[in-house]
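Peer 1: Sequence first, predicted model second:
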Amino acid sequence: METRTLGPGHIGVLSILMILGLCGCDDGYTLHSIYQATPGTSSVPDVTGLWQASDPGWHDTVLQIAAEDYDVGHCRLADIRLLNMKSNEDDETIGDQMCFVPIAGHMIMQVRTTGDVPLYQDFLVKIDQDSITTCGSIWAQLMALRRDHPTQFSMEGLEYTIRGVFFGNELIVTSPPDVLRAYLEVNLPKIARTCDEGDEEGQHWATLKRLTPARVQDDAEASSPSP
């Protein structure tokens, strides 16, 4: 059953969507992480460095992922922030940890936000050594898809809060991790298809290109994955 309650206090987080030019009216978070402890290393390479949108219209902002050590773990501690290249304003911190979670044949990049109550943003991504391609925030996408295609996309079975904020709506899904993962197993392939079929006005893939050389294991001391 769908439940809606009054949302928590203001969340001062700037979405990664801004740098991709996908920043719309909505944003989405989960209260719980979808990551499950997994042995070994991730198929996603080390992503530390500076990243910039391939669209020239978004070159004023650079995504910085900073970490002390080379890391190909499933979850990685990092200082994740947006750098404003055109002003002296302070950088905007986005998060302090990222996890890479494969579900239903797709990869999710989960970012843990900073603040009094850390939340999680989940992004559908394709990542290689030199690019991060994403179709944006999964939960924000669901809000839009549910409005436009109510018979195909439902949030039935999830518990969540929706509240209005100055730029649109903010969704916070409060369901436990097992419910989140079960929901994504069914719905993530459908979301990915809308990205493949999308256009510039709707869900579509957008790419960040690496500005700094990729770090390799020999570049770093103490190269064990983050816990």
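Peer 2: The structure has been received and is ready for your questions.

Peer 1: Can you check which helix is longest in this protein?
Peer 2: helix 177-197 (DSSP state H).

Peer 1: Would you mind writing the CA trace of that one as CSV?
Peer 2: Extracted C-alpha coordinates of helix 177-197, given in CSV (Å, rounded to 0.1, in the frame of the first residue of the first chain):
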residue,chain,number,x,y,z
PRO,A,177,16.3,-2.6,1.9
ASP,A,178,14.8,-5.9,0.9
VAL,A,179,11.6,-4.2,-0.3
LEU,A,180,13.6,-1.7,-2.3
ARG,A,181,15.7,-4.3,-4.0
ALA,A,182,12.7,-6.5,-4.8
TYR,A,183,11.0,-3.4,-6.3
LEU,A,184,14.1,-2.6,-8.4
GLU,A,185,14.5,-6.1,-9.7
VAL,A,186,11.1,-5.8,-11.3
ASN,A,187,11.1,-2.1,-12.4
LEU,A,188,14.7,-1.2,-13.2
PRO,A,189,14.6,-2.9,-16.6
LYS,A,190,11.5,-0.9,-17.5
ILE,A,191,13.2,2.3,-16.4
ALA,A,192,16.3,1.4,-18.5
ARG,A,193,14.1,0.9,-21.6
THR,A,194,12.6,4.4,-21.2
CYS,A,195,16.2,5.8,-21.1
ASP,A,196,17.1,3.8,-24.3
GLU,A,197,14.0,5.2,-26.0
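
Peer 1: Give me the next element, helix or strand, following it.
Peer 2: Once helix 177-197 ends, the next helix or strand along the chain (criterion: DSSP states H and E) is strand 206-210.

Peer 1: any low-confidence regions in the protein?
Peer 2: For the chain, the stretches flagged by pLDDT under 70 are 1-25, 165-167, 199-202, 219-227.

Peer 1: Let me know the helix or strand that the most centrally placed residue in it is in.
Peer 2: The centre of the chain sits closest to residue 123, judged by Cα atoms, centre = their mean, with a distance of 3.3 Å. Using DSSP H and E, residue 123 sits in strand 120-128.

Peer 1: still on that earlier bit, the longest helix of the chain relative to strand 120-128, how many degrees between them?
Peer 2: 50 degrees (axes from the mean of the first three to the mean of the last three Cα atoms, to 10 degrees).

Peer 1: Distance from the chain centre to helix 177-197, please.
Peer 2: Distance, stretch centre to chain centre, for helix 177-197: 14 Å (Cα atoms, centre = their mean, to the nearest Å).

Peer 1: ok, residues contacting it?
Peer 2: The contact list for helix 177-197, computed with Cβ atoms under 8 Å, 6 or more residues apart in numbering, reads 30, 32-36, 103-106, 108, 124, 135, 138, 141-142, 145, 152-153, 157-158, 173, 175, 202-205. To be clear about C-beta, it is placed using only N, CA and C from the backbone, and glycine gets the same treatment.

Peer 1: Go again with 7 Å.
Peer 2: 30, 32-34, 103-106, 124, 135, 138, 141, 145, 152-153, 157-158, 173, 203-205 (Cβ atoms under 7 Å, 6 or more residues apart in numbering).

Peer 1: now swap in stretch 71-89 and tell me
Peer 2: 14, 18-19, 35, 38, 41-42, 45-46, 48, 60-67, 91-100, 111, 225-226.

Peer 1: Show me the residues you listed that map onto strands.
Peer 2: Using DSSP state E, 61-66, 92-100, 111 are the members of those that sit in strands.

Peer 1: Buried ones among those?
Peer 2: Buried by 16 or more other Cβ atoms under 10 Å: 61-65, 92-95, 97-100, 111, out of the ones in strands among the contacts of stretch 71-89.
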